[in-house]
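1. coordinates only, sequence not included:
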């Protein structure tokens, strides 16, 4: 009885920001992500061009090149949704931003669309890491081992505060 009364653990989760193949962060072909220089996380190879919010929160920044989106989740977790690898050099030409800085979003709300004319291009890697910047403030991070996930529905990370 006392264990339940004093157990303040909060179970939390992040959902897939895209529909597609799930990739463990250490398997991302970019050392900034695979060596976890920015933080812990997971990545998705999108099979559809829409990227959505993985949790409820507030948009904290949008890169000028529209490839990276900062999100402060309602539980205090800070995220970066980084659309594509080496997409910064495209200067935003392949993206259509669907949100605004300081906007409150719900899990599954659109963040950005990849323009159809670029989405199928074999020269562009749209693998999308979700990076937990302040992951140290949370514990028991468990990353999904599913092969394929659906945006806004499948849980890709469970964690506690």
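-> Now that the structure is in, tell me what you want to look at. Keep in mind that what you see is a predicted model, and the values were worked out from it rather than measured.

2. what residue is smack in the middle of this structure?
-> residue 130 (2.9 Å; C-alpha atoms, centre = their mean).

3. and the gap between that residue and residue 121?
-> 22 Å (C-beta to C-beta, to the nearest Å). C-beta: built from backbone N, CA, C; applies to glycine.

4. pLDDT at the nearest residue to residue 84 once chain neighbours are set aside, what is it?
-> Using C-beta to C-beta, 6 or more residues apart in numbering and skipping residues adjacent in sequence, the residue nearest residue 84 is residue 126, 4.6 Å away. For residue 126, the pLDDT comes out at 97.

5. Quick check, residue 126 in contact with residue 46.
-> Yes. Applying C-beta atoms under 8 Å, one finds residue 126 in contact with residue 46, separated by 5.5 Å.

6. So what touches stretch 138-155?
-> With contact meaning C-beta atoms under 8 Å, 6 or more residues apart in numbering, stretch 138-155 is reached by 12-22, 24-25, 40, 42, 44, 48, 50-52, 77, 107-108, 132, 135, 156-161.

7. Find the nearest non-adjacent residue to the residue nearest to the centre of the chain, please.
-> In space, residue 130 is closest to residue 41, 5.0 Å off (C-beta to C-beta, 6+ apart).
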